[in-house]
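Colleague: Sequence first, predicted model second:
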Amino acid sequence: MTSSLRKQSVTAQDVARRAGVSRAVVSRALSNNGSISPEARERVLRAAEELGYQVNFLAQGLNRRRSHLIGVIVSRIGDPFRSSLLDGLLSEIQRRGFQALVAEIRSEADLAETLRRFTQFRVSGVIVTSGKPPEALVNECVEQQIPVVGINRQPDIPFVDYVCSDNAAGAILAAEQLYRAGCRRFGWLNNQDSTWAGRMRGEAFRLALADLGIDTECDLLPLIAPEEGYDGGLRAAAGQDVDSLGVFCANAQLALGFLDGMKQRGRQAPEDFQLIGFDNTPQTAQFSYQLTTLHQDVAEIAHQALSCLLERASDPQRPSRTLWVKVALIHRRTSPSII
């Protein structure tokens, strides 16, 4: 018999006999679920290692109607912020003793199909970072006691919890920074098919400027990018009069493209205009950009998302809640710090 076959033939009962404990104790030790003394856990883990026992999480999920998988729905994974958010989620999921099942979507239809497949895998929870899941499918998850958490999504589905960066607070910080730096004319840069978070940032920026006494009908210029990402920002810079303008941007990639587009036209920040982005991605700190930006705490977002999943798993019918994660203004060259 080969080593591989011997490992496959080892059962949890074999581990229990080697460790001198019951089968139930083995289950609790290997699943990190339930009360067990450190000494008993150590005996079980040592016995499992000696016997070469591997936990079959899929079979465990079939037996318990729940697997150790957490489904994560993402889109545009190449975007630096989305990539960093996914990395934070993967780290937190593993830290909590689960494994991630990641699916990249390109349309709302993809999202619906992915959600259906996640329920077939009996995932322990679903985290949605992109798109708006159909409420009917979410209700199916709720009926199967699969908790769903949305990240930076509009909080509008019952029995779903949401974890969002504090977009409004970030927009207020940006408005106050640009105003205190001497700007009296402003711009809001976003793509034409904006996310909910982007729209929220723009509206909060407008209200914050109005509170500062700015006539937003005359002195707030909408700058519309024809597409998402860096290329959208680059194209949005064409033909824009930005002299003395204080520009707030919905995200980092748009802001970096806008900066480069302005450089091509001989305009530099902060000499000719000021610019603040959203998402403190590594590229924003590079020497050629030095973008002033709002920092989103992806580690805290991931921590709160997993906490919401676990709490809702124990109380599926509790009212929805939205947790707002603090953001911080990072001062760099494109809008200098004001003492």
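Modeller: The structure has been received and is ready for your questions.
Colleague: From here on, just use CA atoms for contacts and neighbour counts.
Modeller: Noted.
Colleague: For residue 133, give me phi and psi.
Modeller: With angles defined as degrees, to the nearest 10, residue 133 shows backbone torsions of phi -70, psi 140.
Colleague: Residue 169 is in what secondary structure piece?
Modeller: Secondary structure assigned from DSSP states H and E places residue 169 in helix 167-180.
Colleague: C-alpha coordinates for that helix, CSV please?
Modeller: C-alpha atoms of helix 167-180 as CSV (Å, rounded to 0.1, in the frame of the first residue of the first chain):
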residue,chain,number,x,y,z
ASN,A,167,-16.7,57.8,2.5
ALA,A,168,-18.5,60.9,3.8
ALA,A,169,-15.8,61.6,6.4
GLY,A,170,-13.1,61.2,3.8
ALA,A,171,-14.8,63.6,1.5
ILE,A,172,-15.1,66.2,4.3
LEU,A,173,-11.4,65.8,5.0
ALA,A,174,-10.6,66.4,1.3
ALA,A,175,-12.8,69.5,1.1
GLU,A,176,-11.4,71.0,4.3
GLN,A,177,-7.8,70.3,3.2
LEU,A,178,-8.2,71.9,-0.3
TYR,A,179,-10.1,74.9,1.2
ARG,A,180,-7.4,75.5,3.8
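Colleague: and whichever helix or strand comes after it, what does it pack onto?
Modeller: Read in the C-terminal direction, the helix or strand following helix 167-180 is strand 185-191, with elements assigned using DSSP H and E. The elements that strand 185-191 packs onto, with contact taken as 3 or more CA pairs under 8 Å, 6 or more residues apart in numbering; DSSP states H and E, are strand 220-225, strand 245-249, helix 252-264.
Colleague: Mind checking the pLDDT average for the second one?
Modeller: Confidence over strand 245-249, taken as the mean pLDDT, stands at 97.
Colleague: quick one: strands adjacent to it?
Modeller: strand 185-191 (parallel), strand 274-278 (parallel) (DSSP bridges).
Colleague: Just name the most buried of the ones you listed.
Modeller: Between these, strand 274-278 has the highest mean count of neighbours, a mean of 30, where neighbours are mean count of other CA atoms under 10 Å.
Colleague: where exactly do the helices run in the stretch 101-250 of the chain?
Modeller: Read by DSSP state H, counting those that start in this stretch, the stretch 101-250 of the chain holds these helices, from start to end of the chain: 108-120, 135-143, 167-180, 196-211, 216-219, 229-236.
Colleague: Any idea how many residues pack against residue 219?
Modeller: Residue 219 is surrounded by 14 other residues when neighbours are defined as other CA atoms under 10 Å.
Colleague: Hmm, it is touching residue 206, no?
Modeller: No - proximity of residue 219 to residue 206 does not meet the contact threshold set by CA atoms under 8 Å, at 10.3 Å.
Colleague: quick check: domain ranges of the chain?
Modeller: The record assigns the chain these domain ranges, following automatic domain parsing: 3-52, 66-165+298-325, 167-297.
Colleague: Quote the end-to-end distance of the longest one.
Modeller: In domain 167-297, first residue to last residue: 12 Å (CA to CA, to the nearest Å).
Colleague: centre of the chain versus it, how much separation?
Modeller: With CA atoms, centre = their mean, to the nearest Å as the basis, domain 167-297 stands 21 Å off its chain's centre.
Colleague: and what of the second one?
Modeller: The chain centroid and the centroid of domain 66-165+298-325 are separated by 9 Å, computed with CA atoms, centre = their mean.
Colleague: what is the rounded mean pLDDT of it?
Modeller: Taken as a whole, domain 66-165+298-325 carries a mean pLDDT of 88.
Colleague: same question, the shortest one
Modeller: Averaged across domain 3-52, pLDDT comes to 77.
Colleague: List just the one of the helices of the stretch 101-250 of the chain that sits closest to residue 249.
Modeller: For those, the distance to residue 249 is smallest for helix 196-211, at 8.3 Å, taking CA to CA.
Colleague: Export that closest one to PDB, keeping only CA atoms.
Modeller: The C-alpha atoms that make up helix 196-211 are tabulated as PDB, following Å, rounded to 0.1, in the frame of the first residue of the first chain:
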ATOM      1  CA  TRP A 196     -22.200  53.500  -5.000                       C
ATOM      2  CA  ALA A 197     -19.100  54.400  -2.900                       C
ATOM      3  CA  GLY A 198     -17.900  56.800  -5.600                       C
ATOM      4  CA  ARG A 199     -21.300  58.600  -5.800                       C
ATOM      5  CA  MET A 200     -21.400  58.900  -2.000                       C
ATOM      6  CA  ARG A 201     -18.000  60.500  -1.900                       C
ATOM      7  CA  GLY A 202     -19.000  63.000  -4.600                       C
ATOM      8  CA  GLU A 203     -22.200  64.000  -2.800                       C
ATOM      9  CA  ALA A 204     -20.500  64.300   0.500                       C
ATOM     10  CA  PHE A 205     -17.800  66.500  -1.100                       C
ATOM     11  CA  ARG A 206     -20.400  68.800  -2.500                       C
ATOM     12  CA  LEU A 207     -22.200  69.200   0.800                       C
ATOM     13  CA  ALA A 208     -18.900  69.800   2.600                       C
ATOM     14  CA  LEU A 209     -17.900  72.600   0.200                       C
ATOM     15  CA  ALA A 210     -21.400  74.100   0.700                       C
ATOM     16  CA  ASP A 211     -20.800  74.100   4.500                       C
END
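Colleague: got the angle for that helix vs strand 220-225?
Modeller: Between the axis of helix 196-211 and that of strand 220-225 there is an angle of 160 degrees, by axes from the mean of the first three to the mean of the last three CA atoms, to 10 degrees.
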